[in-house]
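Q: Show me how the following folds:
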Amino acid sequence: MSNDPNQDIQPESEAEDETLTQATDDSPEANSVTEAETEPSPESEVEKWRNLAHRNQAELENFRKRMARDKMEAIQYSNLGLLEELLPIIDNFEMGLVAAKDSSAESVIYQGMSMVHKQMQNFLTDHGVERIDATGKKFDPNFHEALEQQHSDDVLEGDVISSIRHGYKCKDRLLRASNVVVSKGPQQDT
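A: Below is the predicted model:
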C-alpha cells in the first residue's frame, strides 16, 4: 500500500475482497430478508401436507384395486396350464373316436367313447373353454395359424377351407390357435 491519502482504498488481494463481501452478507438485515423469503407460511405447509396425504391415499386406493383385479385374474386363469396340456389328449381322443366310428357306428366302444367325449366337452365348457370354429371364416392371424394355402373354386380367397387342428380359447385368452388351410381363390389358367 502507498501512503497517498488521495488514493482509494483497495484490498491488496482477492482474499481480502472475499472477506469484505462475507462481512456485508453476514449483516442482520441480509439474513432477515433471505429467511423471510425461504421460510414458508404455516398455511402453505398445511396445504402441502394435505396434498401429499391426498396423493398417498389415492395411490393406496389404486394399489388395492390393482391387487383385487390381479387376484381375480389369478383365480380365473389359474387352470390355463392344465387346460393347455389337456388339448392334445382331446385331439388324440377325437382321432380314436373317428376311427371307432369308421369301424362301426353301432359298436359299444364307439358309443362309450362318444359319452366320454361329451363329458370332456362339458368339462371344457364349464371352465370357459370354447372351440374356435374356423372353417368357412375369414382368416384371422389372431386365432388361426395357416399351415397351407390351396386353390379353391368354392371358397373365397383369404377364407379358411378346412381346419387341420382345432383351436381353443378360454374366456378372452387364446389357448391354442387353429391350424388351418387357407384359400388362394380359383386357379388361374395361364
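Q: so where's this structure shaky on pLDDT?
A: Residues of the chain meeting the criterion pLDDT under 70: 1-37, 190.
Q: Just after the helix ranked longest in it, pick out the following helix or strand.
A: Longest helix in the chain, counting residues (DSSP state H): helix 42-76. Next in sequence after helix 42-76, counting helices and strands by DSSP states H and E, comes helix 80-103.
Q: Go through the longest helix of the chain and flag the buried ones.
A: Buried residues in helix 42-76, counting neighbours by 16 or more other Cβ atoms under 10 Å, are absent. Yep, even glycine has a C-beta here, placed from its N, CA and C like the rest.
Q: Return the distance of that helix from the chain's centre.
A: When distances are taken as Cα atoms, centre = their mean, to the nearest Å, helix 42-76 is centred 22 Å away from the chain's centroid.
Q: ditto for stretch 71-84
A: With Cα atoms, centre = their mean, you get 16 Å for stretch 71-84.
Q: and if you look at stretch 158-171?
A: Per Cα atoms, centre = their mean, the centroid offset for stretch 158-171 relative to its chain is 24 Å.
Q: Could you list the domains of the chain?
A: What automatic domain parsing lists as the domains of the chain is 13-76, 83-127, 130-190.
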